[in-house]
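Novice: no sequence on hand, only this structure:
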């Protein structure tokens with residue numbers, strides 16, 4: 001059984017662990033220098049930084065559990081403009097990650113639906129996200145859920161350059 005709940009600052013260590021694990025599973029093989037990956041993980045997914053992020057009014061995190069085991073998380077960033085979207089009333093699906101052993105359990109769908117429901121409830125017209133262009137599985141997941149491709153953009157971590165696609169969905173349909 002899948003359970004989704006909104007996260008609190010007490011969940012920062014758990015989110016840090018899930019974030020480090022899922023990010024490494026998804027992107028780790030793209031790094032030629034393991035130090036670049038480790039530096040990024042230490043900077044981006046440290047407990048202190050996540051606690052601060054969890055207290056910001058613009059951020060909402062959720063945790064996904066499968067049979068009471070924490071297996072994924074999502075982050076919605078409210079009032080997050082994108083160069084690809086003209087409306088000012090847009091938000092960002094900033095993170096949605098599920099442990100690889102639980103991808104087949106379809107945890108991502110309910111996690112995303114909870115996030116989208118909140119975005120609609122908050123009155124946003126559109127939601128956008130960035131996804132690694134080489135991540136065909138994730139792109140198919142988002143397309144299946146009504147997101148369309150807006151354009152490409154670059155992102156660098158350490159010495160590595162990545163090509164991402166921006167995608168968006170109309171929330172007022």
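Specialist: That came through fine. Note that the structure is a prediction, hence the values are computed from the model and not measured.
Novice: any idea which residue sits dead centre in the protein?
Specialist: Residue closest to the average C-alpha location in the chain (CA atoms, centre = their mean): residue 95, at 0.9 Å.
Novice: how close does it sit to residue 159?
Specialist: Using CB to CB, to the nearest Å, residue 95 is found at 23 Å from residue 159. In this view, the C-beta of every residue, glycine as well, is placed from N, C-alpha and C.
Novice: sorry, back to before: now the residue nearest to the centre of the chain. Nearest residue, chain neighbours left out?
Specialist: residue 75 (4.1 Å; CB to CB, 6 or more residues apart in numbering).
Novice: what's around residue 19, how many residues?
Specialist: 19 (other CB atoms under 10 Å).
Novice: give the contact list for the nearest residue to residue 126 once chain neighbours are set aside.
Specialist: Take residue 126 and drop its neighbours on the chain: the residue closest to it by CB to CB, 6+ apart is residue 90, 4.3 Å away. Residue 90 makes contacts with 80, 81, 82, 124, 125, 126, 127, 128, 168, as judged by CB atoms under 8 Å, 6 or more residues apart in numbering.
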